[in-house]
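Chemist: Next comes the sequence, and after it the predicted model I'd like to discuss.
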Amino acid sequence: VFDDEEESKLSYTEIYQEYQALVEKLLEDYLKEVGINEEKFQEAFSSPLAKTHTSQAILQTVLAAEDFRLFKTMMVQKNIEMQLQAIRIIKERNGVLPECLTEGTDVFSEIEEEEMKILREVLRKSKEEYDIEQERKRTEE
């Protein structure tokens, strides 16, 4: 449902609220399971180690529950990844992409076709020159 438009839709807010509740529940359950209280988690979450690029990437899903803009960015990125994956699967299964996914034109094949026309013309001229040269040799003999 997420697109890259500036304005957010009402459905985004509803999904975001569901996401917040899910992350909160999963985090609470996980912290109970490993025996860490909320204060210790907050302390670890605020530590310099949690601020590294790798840690931020790992914690992005948790951070997104507190920041709608980050959540939307993450969802738009996931949407793009899923679209690219679907396109790759379609291409693997069919060998080519359907016309509806190439906006009605296949630029690469148009370029290829133009190159083939040029190649045919070059071959035709080369054959003509060869035939003329062979005829000239026969005449000389």
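Modeler: It's in.

Chemist: Which parts of this structure belong to which domain?
Modeler: Using the TED database, the domain parsing of the chain gives 10-101, 105-140.

Chemist: tell me the most buried of those domains?
Modeler: Of all the domains of the chain, domain 10-101 carries the top mean neighbour count, a mean of 12, counting by mean count of other CB atoms under 10 Å. All C-beta spots, glycine's among them, are computed from the backbone N, C-alpha and C.

Chemist: Distance from the chain centre to that one, please.
Modeler: 16 Å (CA atoms, centre = their mean, to the nearest Å).

Chemist: What mean pLDDT does that domain get?
Modeler: Mean pLDDT, domain 10-101: 85.

Chemist: go on, stretch 123-139?
Modeler: 83.

Chemist: how far is it from where the chain is centred?
Modeler: Using CA atoms, centre = their mean, the offset of stretch 123-139 from its chain centre is 53 Å.

Chemist: Save the domains of the chain as CSV, and put in distance to residue 4 too.
Modeler: As requested, these are exported to CSV (distance: least, CB to CB, whole Å):
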stretch, distance to residue 4
domain 10-101, 5
domain 105-140, 23
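
Chemist: Just after whichever strand or helix holds residue 40, pick out the following helix or strand.
Modeler: Element membership for residue 40 (DSSP states H and E) is helix 38-46. Counting by DSSP H and E, the next helix or strand C-terminal to helix 38-46 is helix 53-63.

Chemist: which helices and strands sit right next to the helix or strand following that next one?
Modeler: Later in the chain than helix 53-63, the nearest helix or strand by DSSP H and E is helix 68-94. Secondary-structure packing of helix 68-94 (3 or more CB pairs under 8 Å, 6 or more residues apart in numbering; DSSP states H and E): helix 10-34, helix 53-63.

Chemist: angle of the last one against helix 10-34?
Modeler: Taking axes from the mean of the first three to the mean of the last three CA atoms, to 10 degrees, one finds that helix 53-63 is oriented at 110 degrees with respect to helix 10-34.

Chemist: elements contacting helix 53-63?
Modeler: So helix 53-63, by 3+ CB pairs under 8 Å, 6+ apart, packs with helix 10-34, helix 68-94.

Chemist: Thank you, goodbye.
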